[in-house]
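**Student:** just a sequence and a predicted model for now, questions to come.
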Amino acid sequence: MRFQDLLAYQKGFSLAMEIFEITKVFPKEETYSLTDQIRRSSRSVTITISEAYRKREYPKHFHSKLTDADSENSETQGWLEYALACKYITEQKFQELTNKSIEVGKLINYMILNSHKFGVKKD
């Protein structure tokens with residue numbers, strides 16, 4: 001299986017691309033702050049999942065990378081709160097994106113708790 005086949009990766013990638021699209025209309029003064037930060041954190045989720053998958057030969061590295069991916073996912077949720085507070089996105093869009101992020105977090109947690117299903121050998 002390729003890391004691109006992982007459901008957590010697919011859903012995370014879709015969310016990152018949706019965030020990329022909505023941030024295109026954020027004010028120019030946010031280019032190097034909110035826009036950049038939310039794009040970076042949302043993209044980092046999937047990149048870190050891919051790194052974890054490649055490290056599945058080493059259980060502690062696999063777990064560590066996935067917890068990093070979960071942290072980036074939480075950071076994305078924080079940036080979404082700022083986007084809502086600044087009125088760059090609607091409450092409805094905020095809820096939609098946050099729910100998708102929560103789903104990604106659950107999938108990452110599933111991978112952590114069931115690492116053997118992803119080819120990770122026991123310590």
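**Tutor:** Right, received. Where do you want to start? Residues are numbered from 1 along each chain as shown.
**Student:** my guess is Phe62 contacts Val120, does it?
**Tutor:** Yes - under the criterion of Cβ atoms under 8 Å, Phe62 makes contact with Val120 at 5.1 Å. Glycine gets a C-beta too; all of them are placed from N, C-alpha and C.
**Student:** so what sits against both of those two?
**Tutor:** With contacts defined as Cβ atoms under 8 Å, 6 or more residues apart in numbering, the residues adjacent to both Phe62 and Val120 are Arg56.
**Student:** contacts only, for the most centrally placed residue in the chain.
**Tutor:** The geometric centre of the chain, computed from its C-alpha atoms, lies nearest to Val45 (Cα atoms, centre = their mean), at 3.4 Å. Val45 makes contact with Gly12, Leu15, Ala16, Ala69, Glu72, Asn73, Thr76, Val104, Ile108, according to Cβ under 8 Å, 6+ apart.
**Student:** look up how far Thr98 lies from the third one.
**Tutor:** Using Cβ to Cβ, to the nearest Å, one gets 14 Å for the distance from Ala16 to Thr98.
**Student:** now the one helix or strand the residue nearest to the centre of the chain maps to: how far from the chain's centre is it?
**Tutor:** Assigned by DSSP states H and E, Val45 belongs to helix 36-54. The chain centre lies 6 Å from the centre of helix 36-54; the measure is Cα atoms, centre = their mean, to the nearest Å.
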